[in-house]
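# following is a predicted model, sequence given first.
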Amino acid sequence: MYRHITSPGWSLGCTWAKKEVIWSMVGAKVADQGDCSKFKGNTPLCCEKTPTVIDLLPGVPYNQQFTNCCKGGVLTSLGQDPSSAVSAFQISVGLAGTSNKTVRPPKKFFLLGPGSGYTCSAANIVPSSVTLSSDHRSKTRAMMTWSLTCTYSQLIASKNPTCCVSMSSFYSPLITPCPSCACGCKDANKCVNDLRDSSLLQSKTSAKENAPQLLQCTEHKCPIRVHWHVKASYREYWRVRITITNFNFLMNYTQWTLVAQHPNLNKLANISSFLYKPLIQYNPTNDTGMFYGIKTVNDLIREAGPKGYIYTELILKKDKNTFTLDQGWAFPLRVYFNGDECLMPLPDLYPYLPNSAFHNSYPIFTLSSTIWATLLVFVLLVLL
């Protein structure tokens, strides 16, 4: 729903159950033809036992296209644009047999989107799909149809988080930063300290060839930081500012998504600069929503630097039964950027209300001393 596939795009592969080959394909292509030397005359498109299929680039000849193809493997999230979240292609398979008794579903499907993290189920035979003709007057039934599901796991994709959350508020002078080494400290020395450093361009060039990222030096060591600032509280509404900052000099984040969970999102009154879509709407629960950019306006987060950030402001209506600024209620429960969960600070480090901090730190002996001093003054007044 809120995870998309970025450049260089998806790769889909499987292992044939028998000795199948691919004779032709439209809407996609194979990454490697394999050894087809045993074929004389007509040569298959691919003879690999485990072929890998990749999407075609936009602008290919019409006779190579297929419905919902040719996007360079880049797909938006389903929540952003359902029409751009689908990719399809058609292949012609040989040496598989000619009946549903001889055809076997492929095995061991795998999906890269573009990196690891996806795990695919086995292919299950389902009722045969039906295709309508162009004039919708006749139907063609497939000989066999199977389906499978590939699910994403952040733990498989990376052992460390890829983003973190910091917090601040109008009622506290303290800023709660991202946890130190929130995204790992393995490459702590491979970062850029000064944005005006003349060697930055050279560092960026060499890093693009040898490493996936070049980060600005920070305590949290994350490529993305999400800052949640409680900006103001009015009689019936309260205001939040969300800022997303890119610390990676080698990455522009296109078609990004941000998901937040907060109990007051069910009463979101206004949002500026971003688009918003509720994700969970089961009564009475409606506490999770997806934020994303406006096309051609801010759907791109530029690389690290003076312009490497975007922000929005939310106005939420107060629920008199639940609203409070105490005990960190005004801050999100969870935050996800591009489908990966961001590391949150510890709850006891959240910005706190000054009055609650005053009461918590008020010494007991001071209270008792005040009471005794009051009693002593009273006794003296009586004696006088």
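Received it, and whenever you're ready, just let me know what you need.

# could you use CA atoms for every contact and neighbour count after this?
Will do.

# pLDDT at the closest residue to residue 51 other than its chain neighbours, what is it?
With sequence-adjacent residues excluded and distances taken as Cα to Cα, 6 or more residues apart in numbering, residue 51 is closest to residue 13, at 5.6 Å. Looking at residue 13, its pLDDT stands at 96.

# separation between residue 13 and residue 47?
For residue 13, the distance to residue 47 equals 13 Å [Cα to Cα, to the nearest Å].

# quick one, which of the two is more surrounded?
residue 47 (22 against 19; other Cα atoms under 10 Å).

# just the strands in the stretch 201-350 of the chain please.
With DSSP state E, counting those that start in this stretch, the ranges of strands along the stretch 201-350 of the chain come out as 215-216, 224-233, 237-246, 253-254, 257-261, 268-271, 274-278, 288-293, 300-301, 309-317, 334-337, 340-341.

# tell me the secondary structure at residue 116.
Taking DSSP: H, G, I helix; E, B strand; the rest coil as the rule, one finds residue 116 in the coil state.

# that one touches residue 157, doesn't it?
Yes. Judged on Cα atoms under 8 Å, residue 116 makes contact with residue 157 at a distance of 5.1 Å.

# buried sites along stretch 166-186?
166-169, 171, 176-179, 181-183 (16 or more other Cα atoms under 10 Å).

# again, but for stretch 318-334
Within stretch 318-334, judged by 16+ other Cα under 10 Å, the buried ones are 318, 328-332.

# turn the residues you listed into TSV, columns for pLDDT.
Formatted as TSV, those follow (pLDDT from 0 to 100):
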residue	pLDDT
318	94
328	90
329	93
330	95
331	96
332	96
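
# out of those residues, flag the one nearest to residue 292.
Nearest to residue 292 out of these is residue 332 (Cα to Cα; 17.1 Å).

# what about the residue lying closest to that closest one once chain neighbours are set aside, neighbour count?
Once flanking residues are discounted, residue 332 sits nearest to residue 262: 4.9 Å by Cα to Cα, 6+ apart. Residue 262 has 17 neighbours, counted by other Cα under 10 Å.

# contacting residues for residue 262?
287-288, 331-334 (Cα atoms under 8 Å, 6 or more residues apart in numbering).

# and residue 75, by the same measure?
Residues in contact with residue 75 (Cα under 8 Å, 6+ apart) are 4-6, 9, 84-87.

# and it, how far from residue 290?
Taking Cα to Cα, one finds residue 75 at 17 Å from residue 290.

# what about the closest residue to residue 213 other than its chain neighbours, distance to residue 37?
Nearest residue to residue 213 in three dimensions, chain neighbours excluded: residue 250, at 5.6 Å (Cα to Cα, 6+ apart). Separation of residue 250 from residue 37 (Cα to Cα) stands at 42 Å.

# do the same with residue 142
Residue 142 is 32 Å from residue 37, by Cα to Cα.

# helices of the stretch 101-250 of the chain, residue ranges please.
According to DSSP state H, counting those that start in this stretch, the stretch 101-250 of the chain carries its helices in the segments 154-157, 200-210.

# for residue 116, what are its contacts?
Each residue near residue 116 by Cα under 8 Å, 6+ apart is listed here: 156-157.

# how does it look with 7 Å?
Residues in contact with residue 116 (Cα atoms under 7 Å, 6 or more residues apart in numbering) are residue 157.

# which phi and psi values does it adopt?
Main-chain dihedrals, residue 116, degrees, to the nearest 10: phi -80, psi 180.

# use 40 as the first number from now on
Yep, numbering from 40; the last one is residue 155 now.

# local confidence estimate at it?
At residue 155, pLDDT is 89.

# roughly how far apart are it and residue 300?
With distances taken as Cα to Cα, residue 155 is found 26 Å from residue 300.

# show me the shaky parts of the stretch 190-339 of the chain.
Applying pLDDT under 70 to the stretch 190-339 of the chain flags residues 226-227, 233-251, 320-323.

# so the residue lying closest to residue 214 once chain neighbours are set aside bridges to which residues?
Distances taken as Cα to Cα, 6+ apart place residue 207 nearest to residue 214, at 4.8 Å, with adjacent residues excluded. Per DSSP bridges, the residues bridged to residue 207 are residue 268.

# contacts only, for residue 207.
Residues near residue 207 by Cα under 7 Å, 6+ apart: 213-215, 267-269, 390.

# cool, residue 158 as well?
Contact partners of residue 158, counting by Cα under 7 Å, 6+ apart, are 149, 189-191.

# can you tell me how far it sits from residue 147?
10 Å.

# residue 154 now?
For residue 154, the distance to residue 147 - Cα to Cα - is 17 Å.

# now stretch 86-98: buried residues?
Across stretch 86-98, burial judged by 16+ other Cα under 10 Å covers 86-95.

# other residues contacting it?
With Cα under 7 Å, 6+ apart, stretch 86-98 has contacts from 49-55, 60-61, 66-70, 72-75, 109-112.

# list only buried entries from those.
49-55, 60-61, 66-69, 72, 109-112.

# so which of those residues belong to strands?
Within those, residues falling in strands by DSSP state E are 50-54, 60-61, 67-69.

# pick the one among those residues closest to residue 253.
Nearest to residue 253, judged by Cα to Cα, of these is residue 50 at 25.2 Å.

# and the closest one, how far from residue 383?
From residue 50 over to residue 383 the distance is 32 Å, taken as Cα to Cα.

# again with residue 254
Distance from residue 254 to residue 383, counting by Cα to Cα: 20 Å.

# for these two, indicate the residue with more neighbours.
The neighbour count for residue 254 versus residue 383, taken as other Cα under 10 Å, is higher for residue 254 (25 against 21).

# surely that one meets residue 284?
No. Look at residue 254 against residue 284 with Cα atoms under 7 Å: they stay out of range, at 11.9 Å.

# wait, isn't residue 204 in contact with residue 376?
No. Here residue 204 does not reach residue 376: they are 10.3 Å apart, not a contact under Cα under 7 Å.

# more neighbours, the two?
Higher neighbour count among residue 204 and residue 376: residue 204, with 26 against 23, using other Cα under 10 Å.
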